[in-house]
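> the amino acid sequence is not available; the structure is as follows:
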Ligand SMILES: Nc1nc2c(ncn2[C@@H]2O[C@H](COP(=O)(O)OP(=O)(O)OP(=O)(O)O)[C@@H](O)[C@H]2O)c(=O)[nH]1
């Protein structure tokens, strides 16, 4: 075996450890340690989805139900996941001022239960709808090229209204208040098949705007309708969501992780907005009401807000009303 070089101060590269060795290491851990490890990295999570590693801990009771260890593990996982997520965004004064963690920018992805947050991010990251380990992602790191050619890493942090959190106050106060304080931009998701999920977005919009104490047009927020392929089950029309977006002066876009429709556009739109880039060609609400829709958004369609101002490309008023469809 070759000795590590002087330069090998880099972090250990887990993917280089053979899978069976990782599984062997995991098999020696007790239940709590396994849960903790799973929350550390996606590599461990992928390796840990093997029944043999867990069966020794769980037994069926006389009524055929899984014993309390199972529920213990579930609650542990949830707890560690939240802790990991909190560590990620817990703001220091500097972070708070810059709305950044390290050199990565946080986009909070909020929405009702099962409205499609994780699938949207997974689809963008892997071009697949399969979640690697369902509901265990703390964040998705996405590197994007900005319209000015700068490469920017973004943290997309999905946060749902978990079953235990019925009220928006519980959700914000107990779980994700640091995201609201810290996030550079917000992606508020709803499912077109669930009108309640749009109501949740409205609650969130009000809460975020009041907590951040800035006018809505200065907060990068995009309202994202998920599952647009499920036309037969549609409960929310595009016009309804447009109206809500217009009321709060944010953008709105409908997406489908199944067909891939507008996934890239939604990700890019909020990433660009959060860095101060707006669509170069203003598409006002009025134009959209006349049925004019942009289908593609590439970095070429965006320009720096300052440049837009100086070249009088877009009036401030129009920027406020810009919308991507
Ligand atoms: N047909 C269709 N199904 C989708 C789409 N997006 C998500 N789904 C399905 O909707 C279900 C919920 O998706 P998730 O991505 O887990 O939703 P979530 O909002 O992250 O869920 P929680 O984190 O549990 O709140 C899954 O079964 C997905 O396969 C979509 O665009 N089209």
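Done, it's in. Remember, it's a predicted structure, so these values are computed and weren't measured experimentally. Numbers count the residues shown, from 1 in each chain.

> CA atoms for contacts and neighbours, from now on please.
OK.

> beta partners of residue 191?
residue 226 (DSSP bridges).

> isn't it up against residue 201?
No: the pair residue 191 and residue 201 does not pass the contact test of CA atoms under 8 Å, sitting 10.3 Å apart.

> give me every residue in the stretch 201-325 of the chain lying close to the ligand.
226, 227, 229, 230, 256, 257, 258 (CA under 6 Å from any ligand atom).

> okay, residue 191 and residue 201: which has more neighbours?
Taking neighbours as other CA atoms under 10 Å, residue 191 and residue 201 compare with residue 191 leading, 28 against 23.

> which residues does the more buried one contact?
115, 116, 197, 198, 225, 226, 227, 228, 236 (CA atoms under 8 Å, 6 or more residues apart in numbering).

> how about 10 Å then?
With contacts defined as CA atoms under 10 Å, 6 or more residues apart in numbering, residue 191 is in contact with 111-117, 197-198, 224-228, 230, 234-236, 254-256.

> what are the phi and psi angles of residue 115?
The phi/psi pair for residue 115 (degrees, to the nearest 10) reads phi -80, psi -10.

> what average pLDDT does the helix or strand that contains residue 189 get?
Here residue 189, judged by DSSP states H and E, is contained in strand 185-191. Computed over strand 185-191, the mean pLDDT rounds to 92.

> ok, then the element right after it?
Scanning onward from strand 185-191 (DSSP H and E), the first element met is helix 195-212.

> in this structure, where is pLDDT below threshold?
1-16, 38-51, 58-71, 73-104, 128-138, 159-179, 216-217, 278-325 (pLDDT under 70).

> mind checking the longest strand of it?
Across the chain, the longest stretch assigned as strand under DSSP state E is strand 151-160.

> secondary structure element holding residue 23?
helix 19-27.

> could you say what helices and strands the next helix or strand after that helix packs with?
The first helix or strand that comes after helix 19-27 along the chain, using DSSP H and E, is helix 31-38. With contacts taken as 3 or more CA pairs under 10 Å, 6 or more residues apart in numbering; DSSP states H and E, helix 31-38 sits against helix 19-27, helix 42-48, helix 51-54, helix 68-89.

> got the angle for helix 31-38 vs helix 19-27?
140 degrees (axes from the mean of the first three to the mean of the last three CA atoms, to 10 degrees).

> helices and strands around the helix or strand harbouring residue 123, which ones?
According to DSSP H and E, residue 123 maps onto helix 117-126. For helix 117-126, the packing partners by 3+ CA pairs under 10 Å, 6+ apart come out as strand 104-111, strand 140-145, strand 151-160, strand 185-191, strand 221-226, helix 263-274.

> doesn't residue 241 lie inside a helix?
Yes: counting by DSSP: H, G, I helix; E, B strand; the rest coil, residue 241 falls inside a helix.

> wait, it sits on residue 194?
No: under the criterion of CA atoms under 10 Å, residue 241 is not in contact with residue 194, lying 11.9 Å apart.

> fine by me, thanks again.
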